[in-house]
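S.K.: Sequence and computational prediction follow.
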Amino acid sequence: MLDGITPDLLLFALVVVMALSFDFINGFHDTANAIATSVSTRALTPRMAIIIASVLNLVGALTYTGVAKTITKGITDPFQLENGLVVVLAALTGAILWNLITWWYGIPSSSSHALIGGISGAVIGAAGFGQIQWSGFLNIIQALIFSPIAAFLIGFIVIKLISFLVANAPYHKTNKRFRYLQILSASWQAFSHGANDAQKTMGIITLAMISGGFLVPENNEITIPLWVKISAAVAMALGTSVGGWRIIRTMGGKIMQIRPISGFSADLTSSVVIMTFTALALPVSTTHVISSSIMGVGASQKFSAVKWGVAGRIVFTWVVTLPATALLAIASYVVFDVFL
């Protein structure tokens, strides 16, 4: 063993690589959701949409840290977590496996649910249910549940209001104007995605640092190291640049046929919801929120406009993600605990 390089340091390096890989996968898996409506309405070309989303994901990721701190200490106590590096590695393995499975089949599942399920399962596998901080865990679950409901209802209302305001305007002029507005709404949505989702990776790296003894916060006050923020932001931006065309096809056309006014309403709704929960330092599923806002917009115009069969398949995937990733993480921990 080289001087200064210990087994724990190597394990921590592996955790960082896995965390940034998760962030990269999140970039091409979830960011496609943020730009799907603007691409489907031709407000933006795919190339321009990806460039805008990459840059604004980067900016958003560097702007906030509240969600990262919630991930670090909301599910388990990082100061009391034994074998923490293996726990975090198992959590990331479960989340990444689930993300790749759903990406391959073109299903817009939630990376947030996958990560929360992975952390919870790995902690339970390592130390039992007593190691879960149930108050913080339930706060996170409530945010994951209520945010898509809010997005559906707000999307329903927003499109009604906008449709009323432009009811007497010429159709073609209205479409053209809202295509321009969609550039702004898609940009805000990409920013909000980075502001919430990249923080989850920052939080899990910080959790690994504290539980592994690589970071000792003063007075137990958690701060996110600068290198963690920059690396997570860059990884997500790079993932975004790769793109997620399978998800774009599902989000951009299979749920409902999207017009510029509908796309703008959905983008505006999801951005407001995501940024509200980000300000509350709560992680949400950008996939849930964006999908639900599209459904709410579609249902308000015509109930049959939403392809409920596809929507039902998405909702089913949402429901099974938490237990599925928890089980994958538990299995991963059992394996890693033997060999690491």
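M.R.: The structure has been received and is ready for your questions. Numbering: from 1, shown residues only.
S.K.: Scan the chain for its longest helix.
M.R.: helix 171-211 (DSSP state H).
S.K.: Distance check, residue 215 against residue 204.
M.R.: When C-beta to C-beta, to the nearest Å is applied, the distance between residue 215 and residue 204 equals 13 Å. Where you see a C-beta, it was placed from the backbone N, CA and C, and this is true even at glycine.
S.K.: ok, the two, which is more surrounded?
M.R.: Neighbour tally, residue 215 and residue 204, criterion other C-beta atoms under 10 Å: the higher count belongs to residue 204, 29 against 19.
S.K.: That one contacts residue 73, correct?
M.R.: No: here residue 204 does not reach residue 73: they are 11.5 Å apart, not a contact under C-beta atoms under 8 Å.
S.K.: host element of the closest residue to residue 208 other than its chain neighbours?
M.R.: In space, and not counting its chain neighbours, residue 208 is closest to residue 88: 4.2 Å by C-beta to C-beta, 6 or more residues apart in numbering. Taking DSSP states H and E as the definition, residue 88 sits inside helix 84-104.
S.K.: Taking helix 171-211 as reference, get the angle to that helix.
M.R.: 160 degrees (axes from the mean of the first three to the mean of the last three C-alpha atoms, to 10 degrees).
S.K.: how about helix 84-104: buried residues?
M.R.: Neighbour counts using 16 or more other C-beta atoms under 10 Å place 84-99, 102-103 of helix 84-104 among the buried residues.
S.K.: Check stretch 279-294 too.
M.R.: Residues of stretch 279-294 classed as buried by neighbour count (16+ other C-beta under 10 Å): 281-294.
S.K.: CA atoms of it as PDB?
M.R.: C-alpha atoms of stretch 279-294 as PDB (Å, rounded to 0.1, in the frame of the first residue of the first chain):
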ATOM      1  CA  ALA A 279     -36.400  26.700  -1.100                       C
ATOM      2  CA  LEU A 280     -37.800  24.400   1.600                       C
ATOM      3  CA  ALA A 281     -34.600  22.300   1.400                       C
ATOM      4  CA  LEU A 282     -36.700  19.200   0.400                       C
ATOM      5  CA  PRO A 283     -35.800  16.900  -2.500                       C
ATOM      6  CA  VAL A 284     -38.500  16.200  -5.000                       C
ATOM      7  CA  SER A 285     -38.700  14.100  -8.100                       C
ATOM      8  CA  THR A 286     -38.300  16.300 -11.100                       C
ATOM      9  CA  THR A 287     -39.700  13.400 -13.200                       C
ATOM     10  CA  HIS A 288     -42.800  13.200 -11.000                       C
ATOM     11  CA  VAL A 289     -43.400  16.900 -11.100                       C
ATOM     12  CA  ILE A 290     -42.900  17.400 -14.800                       C
ATOM     13  CA  SER A 291     -45.000  14.400 -15.700                       C
ATOM     14  CA  SER A 292     -47.800  15.500 -13.400                       C
ATOM     15  CA  SER A 293     -47.800  19.000 -14.700                       C
ATOM     16  CA  ILE A 294     -48.100  17.700 -18.300                       C
END
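S.K.: residue contacts, the closest residue to residue 144 other than its chain neighbours?
M.R.: Counting by C-beta to C-beta, 6+ apart, residue 285 is the residue found nearest to residue 144 once chain neighbours are left out, at 5.8 Å. Residue 285 makes contacts with 110-113, 144, 147-148, 318, as judged by C-beta atoms under 8 Å, 6 or more residues apart in numbering.
S.K.: As TSV, the residues you listed with secondary structure would be great.
M.R.: Conversion of these to TSV gives the following (DSSP: H, G, I helix; E, B strand; the rest coil):
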residue	secondary structure
110	coil
111	helix
112	helix
113	helix
144	helix
147	helix
148	helix
318	helix
